[in-house]
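Colleague: Okay, sequence plus prediction incoming.
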Amino acid sequence: MTTAIDSNIFAALWDRDDALHSLARTALDAALARGNLVVAAAVYAELLAFPSRTEAMLDFFFKDTGVTVEWNLEESDWRAAGRAYQKYAQGRRKQRDPGPRRILADFMIGAHALRRGYRLLTLDDRLYRSAFPRLSIITV
């Protein structure tokens, strides 16, 4: 089975001081043992914003680790992300939620995994369970 990986897994993996570093590494190894690893294009774009990350570094890392970047997103992916983002925004306005805001990329990552039938490996299952209740989620 294919596992899609959320940006936050790589953040923990690349930060050896992060308390979740070893858990992220173990979870990635376990996911690889069960099948292919992929990231949505939105994950690549988010990772590029990390300090000292370059396209060359990311391209090498993904090629070296066998993680496939799925660049092409279908109309159904965008529609699923849009519906989930709409529901999130409506709920946030009703509750006047002062917490951190989510961005569209989060919903694209979830929609990508859901529409393709992948599992999603993440540190943040709360958002994805709420926005995509049928998505299979592995939480570190």
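Modeller: Received it, and whenever you're ready, just let me know what you need.
Colleague: Please give the element, helix or strand, for the residue of the chain most remote from its centre.
Modeller: Of all residues in the chain, Lys94 has its C-alpha farthest from the mean position, at 26.4 Å, by CA atoms, centre = their mean. In the assignment (DSSP states H and E), Lys94 maps to helix 75-95.
Colleague: list the helices and strands that helix packs on?
Modeller: Secondary structure elements in contact with helix 75-95, counted by 3 or more CB pairs under 8 Å, 6 or more residues apart in numbering; DSSP states H and E, are helix 104-116, helix 125-131. Backbone N, C-alpha and C define where each C-beta goes, glycine included.
Colleague: Could you point out the helix or strand that follows the shortest one?
Modeller: This means helix 125-131. On the C-terminal side of helix 125-131, the nearest following helix or strand under DSSP H and E is strand 136-139.
Colleague: just the angle between the helix holding Lys94 and helix 104-116, please?
Modeller: Relative orientation of helix 75-95 versus helix 104-116 (axes from the mean of the first three to the mean of the last three CA atoms, to 10 degrees): 130 degrees.
Colleague: List of residues touching helix 75-95?
Modeller: Residues external to helix 75-95 that are found in contact with it (CB atoms under 8 Å, 6 or more residues apart in numbering): 97, 101-102, 104, 107-108, 110-112, 114-115, 130-132.
Colleague: And these, which is closest to Val38?
Modeller: Closest approach between the contacts of helix 75-95 and Val38, by CB to CB: His112, at 8.4 Å.
Colleague: Nearest residue to that closest one in space, ignoring adjacent ones along the chain?
Modeller: Residue nearest to His112 in three dimensions, not counting chain neighbours: Ala40, with 3.8 Å by CB to CB, 6 or more residues apart in numbering.
Colleague: Would you agree that neighbour is in contact with Asn72?
Modeller: No - no contact is recorded between Ala40 and Asn72 when judged using CB atoms under 8 Å, the distance being 10.1 Å.
Colleague: Who has more neighbours out of these two?
Modeller: Counted by other CB atoms under 10 Å, Ala40 and Asn72 do not tie: Ala40 has more neighbours, with 28 against 6.
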